[in-house]
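In: quick one, fold the following:
(chains A and B)
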Amino acid sequence: DAGVTQSPTHLIKTRGQQVTLRCSPKSGHDTVSWYQQALGQGPQFIFQYYEEEERQRGNFPDRFSGHQFPNYSSELNVNALLLGDSALYLCASSLDRGWETQYFGPGTRLLVL
Amino acid sequence: DQQVKQNSPSLSVQEGRISILNCDYTNSMFDYFLWYKKYPAEGPTFLISISSIKDKNEDGRFTVFLNKSAKHLSLHIVPSQPGDSAVYFCAASGNQFYFGTGTSLTVIP
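Out: Modelled structure (predicted):
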(Lines give C-alpha, C1' and ligand atoms only; values in the text may rest on other atoms or scores of the structure.)
Protein backbone atom coordinates (compact mmCIF):
# COMPACT_ATOMS: atom_id res chain seq x y z
CA ASP A 1 0.00 0.00 0.00
CA ALA A 2 1.62 3.22 -1.17
CA GLY A 3 1.57 5.95 1.37
CA VAL A 4 1.37 9.64 0.60
CA THR A 5 3.52 10.56 -2.38
CA GLN A 6 4.66 14.02 -3.45
CA SER A 7 6.32 15.36 -6.57
CA PRO A 8 8.77 16.73 -7.32
CA THR A 9 11.15 16.05 -4.44
CA HIS A 10 13.17 19.21 -5.05
CA LEU A 11 12.55 22.35 -7.03
CA ILE A 12 14.44 25.57 -7.73
CA LYS A 13 12.59 28.68 -8.91
CA THR A 14 13.32 32.39 -9.17
CA ARG A 15 11.41 35.25 -7.60
CA GLY A 16 8.18 36.10 -9.37
CA GLN A 17 7.74 32.67 -10.91
CA GLN A 18 4.88 30.31 -10.26
CA VAL A 19 5.14 26.74 -8.96
CA THR A 20 2.84 23.71 -8.77
CA LEU A 21 3.40 20.91 -6.30
CA ARG A 22 1.56 17.60 -6.42
CA CYS A 23 0.31 15.12 -3.86
CA SER A 24 -1.28 11.70 -4.06
CA PRO A 25 -3.01 10.64 -0.84
CA LYS A 26 -2.77 7.33 0.89
CA SER A 27 -5.15 4.76 -0.54
CA GLY A 28 -8.63 5.19 0.90
CA HIS A 29 -8.06 8.75 2.12
CA ASP A 30 -10.28 11.53 0.85
CA THR A 31 -8.83 14.61 2.55
CA VAL A 32 -5.59 16.41 1.75
CA SER A 33 -3.91 19.10 3.82
CA TRP A 34 -0.87 21.16 2.90
CA TYR A 35 1.78 22.53 5.23
CA GLN A 36 4.79 24.79 4.86
CA GLN A 37 7.84 24.05 6.98
CA ALA A 38 10.49 26.75 6.99
CA LEU A 39 13.98 25.90 8.17
CA GLY A 40 14.10 25.41 11.93
CA GLN A 41 10.34 25.77 12.29
CA GLY A 42 7.42 23.45 12.68
CA PRO A 43 5.01 22.82 9.82
CA GLN A 44 2.41 25.55 9.34
CA PHE A 45 -1.03 24.70 8.05
CA ILE A 46 -1.81 26.21 4.65
CA PHE A 47 -5.20 24.69 3.77
CA GLN A 48 -7.23 21.51 3.64
CA TYR A 49 -9.19 20.07 0.73
CA TYR A 50 -12.15 17.76 1.08
CA GLU A 51 -14.64 16.82 -1.62
CA GLU A 52 -12.72 19.00 -4.07
CA GLU A 53 -13.30 22.13 -1.99
CA GLU A 54 -11.08 24.16 0.29
CA ARG A 55 -12.52 23.55 3.77
CA GLN A 56 -10.05 25.19 6.10
CA ARG A 57 -7.35 27.74 5.51
CA GLY A 58 -4.45 28.94 7.60
CA ASN A 59 -2.88 32.39 7.61
CA PHE A 60 -1.47 32.36 4.10
CA PRO A 61 -2.01 34.93 1.33
CA ASP A 62 -4.07 34.33 -1.79
CA ARG A 63 -0.87 33.64 -3.73
CA PHE A 64 -1.24 30.17 -2.27
CA SER A 65 -4.03 28.23 -3.93
CA GLY A 66 -4.89 24.62 -4.42
CA HIS A 67 -7.03 22.08 -6.09
CA GLN A 68 -8.31 18.61 -5.36
CA PHE A 69 -9.21 16.23 -8.15
CA PRO A 70 -11.96 13.58 -8.22
CA ASN A 71 -9.36 10.88 -7.45
CA TYR A 72 -8.50 12.87 -4.26
CA SER A 73 -5.04 13.88 -5.45
CA SER A 74 -4.18 17.52 -4.93
CA GLU A 75 -2.05 20.37 -6.19
CA LEU A 76 -0.61 23.35 -4.37
CA ASN A 77 0.04 26.43 -6.49
CA VAL A 78 2.11 29.39 -5.41
CA ASN A 79 2.17 32.51 -7.58
CA ALA A 80 4.61 35.42 -7.58
CA LEU A 81 7.20 33.53 -5.58
CA LEU A 82 9.11 35.34 -2.87
CA LEU A 83 12.43 34.39 -1.32
CA GLY A 84 10.52 33.67 1.90
CA ASP A 85 8.53 30.94 0.18
CA SER A 86 11.63 28.74 0.29
CA ALA A 87 10.61 25.84 2.50
CA LEU A 88 9.68 22.21 2.70
CA TYR A 89 6.08 21.73 1.58
CA LEU A 90 4.35 18.79 3.19
CA CYS A 91 1.18 17.12 2.10
CA ALA A 92 -0.88 15.04 4.54
CA SER A 93 -3.86 12.85 3.81
CA SER A 94 -6.57 11.64 6.14
CA LEU A 95 -10.10 10.31 6.18
CA ASP A 96 -13.18 12.49 6.62
CA ARG A 97 -11.22 15.65 7.42
CA GLY A 98 -9.74 14.02 10.50
CA TRP A 99 -6.72 15.78 11.94
CA GLU A 100 -5.88 12.87 14.19
CA THR A 101 -5.25 10.37 11.41
CA GLN A 102 -3.03 12.37 9.10
CA TYR A 103 -0.32 10.59 7.17
CA PHE A 104 2.44 12.81 5.80
CA GLY A 105 4.37 12.58 2.58
CA PRO A 106 8.13 13.18 2.42
CA GLY A 107 7.66 16.73 1.19
CA THR A 108 8.85 18.89 -1.67
CA ARG A 109 11.84 21.10 -1.00
CA LEU A 110 11.37 24.45 -2.77
CA LEU A 111 14.20 26.92 -3.13
CA VAL A 112 13.44 30.39 -4.44
CA LEU A 113 16.43 32.39 -5.71
CA ASP B 1 1.49 33.99 16.84
CA GLN B 2 2.85 30.65 18.03
CA GLN B 3 -0.02 28.77 19.66
CA VAL B 4 2.03 25.64 20.30
CA LYS B 5 5.52 26.03 21.69
CA GLN B 6 8.42 23.71 22.30
CA ASN B 7 10.99 25.70 24.21
CA SER B 8 13.80 23.15 24.07
CA PRO B 9 15.29 22.94 20.58
CA SER B 10 17.43 19.94 21.53
CA LEU B 11 17.80 17.21 24.13
CA SER B 12 20.49 14.57 24.69
CA VAL B 13 19.81 11.47 26.74
CA GLN B 14 21.80 8.34 27.55
CA GLU B 15 20.46 5.09 26.15
CA GLY B 16 18.17 3.36 28.65
CA ARG B 17 17.29 6.54 30.50
CA ILE B 18 14.06 8.51 30.29
CA SER B 19 13.54 11.21 27.66
CA ILE B 20 11.06 13.96 28.54
CA LEU B 21 9.94 16.33 25.82
CA ASN B 22 7.79 19.30 26.72
CA CYS B 23 5.20 21.37 24.92
CA ASP B 24 3.09 24.37 25.91
CA TYR B 25 0.00 25.76 24.21
CA THR B 26 -2.04 28.91 24.54
CA ASN B 27 -5.50 28.04 23.19
CA SER B 28 -7.80 26.35 25.71
CA MET B 29 -10.14 25.34 22.85
CA PHE B 30 -7.73 22.73 21.52
CA ASP B 31 -9.42 19.34 21.81
CA TYR B 32 -6.76 16.93 20.64
CA PHE B 33 -2.99 16.78 21.04
CA LEU B 34 -0.51 14.68 19.12
CA TRP B 35 3.19 13.93 18.98
CA TYR B 36 4.98 13.30 15.70
CA LYS B 37 8.45 12.00 15.03
CA LYS B 38 10.44 13.16 12.04
CA TYR B 39 13.57 11.73 10.47
CA PRO B 40 15.58 13.72 7.90
CA ALA B 41 14.15 13.58 4.37
CA GLU B 42 10.90 12.06 5.61
CA GLY B 43 7.55 13.50 6.57
CA PRO B 44 6.40 13.49 10.20
CA THR B 45 5.03 10.19 11.42
CA PHE B 46 2.35 9.93 14.06
CA LEU B 47 3.57 8.68 17.43
CA ILE B 48 0.90 9.09 20.09
CA SER B 49 -2.09 11.29 20.85
CA ILE B 50 -4.32 12.35 23.70
CA SER B 51 -7.79 13.79 23.86
CA SER B 52 -8.39 16.88 25.96
CA ILE B 53 -10.71 14.85 28.23
CA LYS B 54 -7.84 12.65 29.37
CA ASP B 55 -4.66 13.39 31.27
CA LYS B 56 -2.55 10.40 30.28
CA ASN B 57 -2.17 8.03 27.37
CA GLU B 58 0.33 5.23 27.14
CA ASP B 59 1.58 3.18 24.21
CA GLY B 60 4.50 0.90 24.91
CA ARG B 61 7.55 2.96 25.74
CA PHE B 62 5.73 6.22 25.00
CA THR B 63 3.48 8.09 27.43
CA VAL B 64 1.88 11.47 26.90
CA PHE B 65 0.72 13.57 29.84
CA LEU B 66 -1.69 16.47 29.56
CA ASN B 67 -2.05 19.20 32.18
CA LYS B 68 -4.94 21.34 31.00
CA SER B 69 -4.74 23.88 33.81
CA ALA B 70 -1.12 24.59 32.92
CA LYS B 71 -1.74 24.20 29.18
CA HIS B 72 1.20 21.83 29.08
CA LEU B 73 1.83 18.41 27.66
CA SER B 74 4.85 16.16 27.79
CA LEU B 75 6.08 13.04 26.07
CA HIS B 76 7.98 10.46 28.11
CA ILE B 77 10.07 7.81 26.38
CA VAL B 78 11.23 4.99 28.63
CA PRO B 79 13.68 3.43 28.06
CA SER B 80 15.22 5.63 25.38
CA GLN B 81 16.87 3.86 22.45
CA PRO B 82 19.32 5.15 19.82
CA GLY B 83 16.62 4.65 17.16
CA ASP B 84 14.52 7.25 18.97
CA SER B 85 16.95 9.96 17.83
CA ALA B 86 14.83 12.27 15.67
CA VAL B 87 12.99 15.58 15.76
CA TYR B 88 9.79 15.44 17.79
CA PHE B 89 6.90 17.79 17.12
CA CYS B 90 3.90 18.31 19.31
CA ALA B 91 0.70 19.40 17.61
CA ALA B 92 -2.78 20.48 18.59
CA SER B 93 -6.05 20.47 16.75
CA GLY B 94 -8.96 22.82 17.02
CA ASN B 95 -10.45 24.58 14.03
CA GLN B 96 -7.15 23.86 12.31
CA PHE B 97 -3.92 22.12 13.04
CA TYR B 98 -0.94 23.69 14.83
CA PHE B 99 2.58 22.34 15.20
CA GLY B 100 5.28 23.30 17.64
CA THR B 101 8.79 24.15 16.47
CA GLY B 102 10.23 20.73 17.33
CA THR B 103 12.78 19.25 19.71
CA SER B 104 15.74 17.33 18.35
CA LEU B 105 16.34 14.28 20.53
CA THR B 106 19.69 12.51 20.51
CA VAL B 107 19.94 9.22 22.36
CA ILE B 108 23.56 8.42 23.10
CA PRO B 109 24.51 4.72 23.02
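
In: how far away is A:D85 from B:D55?
Out: Applying CB to CB, to the nearest Å, the value for A:D85 to B:D55 is 40 Å. In this view, the C-beta of every residue, glycine as well, is placed from N, C-alpha and C.

In: neighbour-wise, which of the two wins?
Out: A:D85 (20 against 13; other CB atoms under 10 Å in any protein chain shown).

In: show me the contacts for that one.
Out: A:36, A:78, A:110, A:112 (CB atoms under 8 Å, 6 or more residues apart in numbering or on different chains).

In: pLDDT wise, what is it at?
Out: For A:D85, the model assigns a pLDDT of 98.

In: give me phi/psi at it?
Out: phi -80, psi -10 (degrees, to the nearest 10).

In: next one: it from A:T108, what distance?
Out: A:D85 is 12 Å from A:T108, by CB to CB.

In: among the contacts of A:D85, who's most crowded?
Out: A:V78 (24 neighbours).

In: from what I can see that residue touches A:Q18, true?
Out: Yes. The pair A:V78 / A:Q18 is scored as a contact, 6.8 Å apart, by CB atoms under 8 Å.

In: can you pull out the strands in the chain?
Out: Going with chain A. Per DSSP state E, chain A carries strands over the ranges A:5-7, A:10-13, A:19-24, A:31-37, A:44-50, A:53-57, A:64-68, A:74-78, A:87-94, A:103-104, A:108-112.

In: the intended chain is chain B.
Out: So, for chain B - with DSSP E - the strands run B:4-5, B:10-14, B:19-25, B:32-38, B:45-51, B:56-59, B:62-67, B:72-77, B:86-93, B:97-99, B:103-108.
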